[in-house]
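> below is the structure, and that's it, no one-letter string:
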DNA sequence: AGCATGACGTGAA
DNA sequence: GTTCACGCCATGC
């Protein structure tokens, strides 16, 4: 196997994310050895050759949001899954604030600390 | 070999 | 607080 593509290295990092914790693409990219490749990390997860093995659902955006449209099974499924693992979520509208929808993860409490 | 795209991040308006 | 645009690097054709 010569050198595993960036892809493989990203999976190794994502797979070592503890349960009940989430990591951002930038965090994974940095741990993978590419602090500038957050975008490539997303590309790697998109390739995700081993679904079920790589918990891509634990990888979220820098602001705690997930990938819209690419969520495996739907954003509701991912929210329930992370919540079941003990991840804290922040509701979209705390006070009748319509428009701002999309649950965000409480990175202050659940972001993975390498 | 080069071009176009893409699960992001950050800065500024 | 939110939204737009640019930049970074790797992959696919």
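Now that the structure is in, tell me what you want to look at. Just so you know, these numbers come straight off a predicted model, no measurement behind them.
> so who does residue A:103 touch?
Contacts were defined as C-beta atoms under 8 Å, 6 or more residues apart in numbering; by that measure residue A:103 touches A:65, A:75, A:79, A:89-92. Every residue, glycine included, has its C-beta placed from N, CA and C.
> hmm, I typed the wrong one, I wanted residue A:45.
A:10, A:14, A:54, A:56, A:59.
> just the buried ones from the contacts of residue A:103?
A:75, A:79 (16 or more other C-beta atoms under 10 Å).
> can you put the contacts of residue A:103 in CSV and add distance to residue A:24 and pLDDT?
Conversion of the contacts of residue A:103 to CSV gives the following (distance: C-beta to C-beta, whole Å; pLDDT from 0 to 100):
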residue, distance to residue A:24, pLDDT
A:65, 10, 89
A:75, 17, 77
A:79, 17, 87
A:89, 15, 90
A:90, 15, 86
A:91, 20, 79
A:92, 19, 70
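> out of the contacts of residue A:103, which are inside helices?
Using DSSP state H, the subset of the contacts of residue A:103 located in helices is A:75, A:79.
> out of the contacts of residue A:103, which comes closest to DNA strand B?
Distance to DNA strand B across those (C-beta to the nearest atom of the strand) is lowest for residue A:65, with 8.2 Å.
> so how far is residue A:53 from that closest one?
Residue A:65 is 24 Å from residue A:53, where distance means C-beta to C-beta, to the nearest Å.
> close enough to count as contact, residue A:75 and residue A:65?
No. Residue A:75 is beyond contact range of residue A:65, at 9.3 Å (criterion: C-beta atoms under 8 Å).
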